[in-house]
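Participant: 3D model of this:
(2 chains)
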Amino acid sequence: MPPFQALLDEHAADVMAVLRGAVGRADAEDCFQETFLAALRAYPMLSDDGNLRGWLLTIAYRKAIDHHRANGRRPTPIAEPDEMAGVTTEPEPDDGIWALVGALPPKQRAAVALRYACDLPHAEIAAALGCSPDAARRSLHEGIKRLRKELA
Amino acid sequence: MKASLEHLTERAAAEGLLDVAYATADSPFGSLLLATTPKGLVKVGLPDYDSEETLEDLAARVSPRVLEAPARLDDARRQLDLYFEGRLHEFDLPLDWQLSRGFRRRALRAIDRIPYGRTRNYTEIARSAGNERAVRAAGTACGSNPIPIVVPCHRVLRSSGGLGGYGGGLPMKEALLELERAEIH
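Facilitator: I've put the predicted structure just below:
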């Protein structure tokens, strides 16, 4: 197993970017800490170091899902205040496309991140977001449409 | 990102998940790699060695929970600075001997007792470690010293008075002996 620091050096920025996409900038820090502490806890027991990046992103997804569940079934705000002020749309150099994802409205943002960063099926995205699979599918669709427009 | 990583390192330490903390330190000979476990200093990597390989070795032999955590090595770094300035003659650092075993560990503990500015030969070290005839093994123990400078294997010479060997190169060994001689006279 490589020294854990090597995982941080290589993947910490990506994990942070994905989490910003999945839960928003304000909560990404907490999820980031939880993700890497969980990874560090399990690391010596890992038997296969073939896809450490995938392993880390999977943990990150789970933490993002936990976060959505904990914030639970209370209604998702239409937009967070800092987004309205345009703060989260400030892209950081290492964020890449996830900076654009982070700028989506919360439900679309979470749906896109859970689908493409964590590779979750619609039913699980729906469970994570506390909505129906149809609603999850719609959020995902709207998010993708908006990203396409941004990238065009 | 830097603040996030520092926070992570602190939390990892608080939860007992920081098995090996490392940092680099400047020295007159080049950059040193310092590594500590919760028990004490476990490794000093001399300038000629590849830090990446050293860290991989620590991951394999101690624990893969290896994180860069300079604050954990502040004390070691400060003492080494003073030593290189000739202002510190005896390190006061907890050591973790886990990277050496058996005869080698006994030899290194004997080396650890050689006073500042003094030297011993390989035969004397072999004797202190419990086997006077194992002179060659005493040499190997010096060569495999995981904590050089702090465990002063540079103070071990040939019985003939020759310098013997040194992991950091003979000029470094000579310079360390010179530094210590200058300070005690």
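
Participant: Name the residue closest to the centre of chain A, please.
Facilitator: residue A:22 (2.7 Å; Cα atoms, centre = their mean).

Participant: cool, and chain B?
Facilitator: residue B:147 (1.8 Å).

Participant: Name the nearest residue to that one, sequence neighbours excluded.
Facilitator: residue B:44 (5.2 Å; Cβ to Cβ, 6 or more residues apart in numbering or on different chains). No exception for glycine: its C-beta is placed from N, CA and C like everyone else's.

Participant: And that neighbour, which helix or strand is it part of?
Facilitator: strand B:41-45 (DSSP states H and E).

Participant: Is any residue of the helix or strand that comes right after that strand near chain A?
Facilitator: Once strand B:41-45 ends, the next helix or strand along the chain (criterion: DSSP H and E) is helix B:51-61. Yes - using Cβ under 8 Å from any Cβ of the partner chain, helix B:51-61 reaches chain A at B:55, B:56, B:58, B:59, B:60.

Participant: Counting by contacts, list what the helix or strand hosting the residue nearest to the centre of chain A packs against.
Facilitator: Here residue A:22 sits within helix A:4-23, counting by DSSP H and E. Applying 3 or more Cβ pairs under 8 Å, 6 or more residues apart in numbering or on different chains; DSSP states H and E, one finds that helix A:4-23 contacts helix A:25-42, helix A:52-71, helix A:97-102, helix A:106-112, helix B:2-14, helix B:51-61, strand B:66-68.

Participant: Out of these, which gets nearest to residue B:91?
Facilitator: helix B:51-61 (20.0 Å; Cβ to Cβ).

Participant: what's the spacing between that closest one and its chain's center?
Facilitator: Between the centre of helix B:51-61 and the centre of its host chain there is 15 Å, according to Cα atoms, centre = their mean, to the nearest Å.

Participant: In PDB, list the C-alpha atoms belonging to that helix.
Facilitator: In PDB, the C-alpha atoms belonging to helix B:51-61 read as follows (Å, rounded to 0.1, in the frame of the first residue of the first chain):
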ATOM      1  CA  SER B  51      12.500  10.300   0.200                       C
ATOM      2  CA  GLU B  52       9.700   8.600  -1.700                       C
ATOM      3  CA  GLU B  53      11.400   5.200  -1.300                       C
ATOM      4  CA  THR B  54      11.900   5.800   2.400                       C
ATOM      5  CA  LEU B  55       8.200   6.700   2.800                       C
ATOM      6  CA  GLU B  56       7.200   3.500   0.900                       C
ATOM      7  CA  ASP B  57       9.500   1.500   3.100                       C
ATOM      8  CA  LEU B  58       7.900   3.000   6.200                       C
ATOM      9  CA  ALA B  59       4.400   2.300   4.800                       C
ATOM     10  CA  ALA B  60       5.400  -1.300   4.300                       C
ATOM     11  CA  ARG B  61       7.200  -1.900   7.600                       C
END
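
Participant: distance of residue B:58 from residue A:1?
Facilitator: Distance of residue B:58 to residue A:1, computed by Cβ to Cβ, to the nearest Å: 11 Å.

Participant: And residue A:12, by the same measure?
Facilitator: Counting by Cβ to Cβ, the gap from residue A:12 to residue A:1 is 17 Å.

Participant: same check, this time on residue B:3
Facilitator: 27 Å.

Participant: The two: which has the busier surroundings?
Facilitator: residue A:1 (20 against 8; other Cβ atoms under 10 Å in any protein chain shown).

Participant: For residue B:174, see how far away the nearest residue to the more buried one once chain neighbours are set aside is.
Facilitator: Closest residue to residue A:1 apart from its sequence neighbours, by Cβ to Cβ, 6+ apart: residue B:64 at 3.9 Å. Between residue B:64 and residue B:174 the distance, using Cβ to Cβ, works out to 37 Å.
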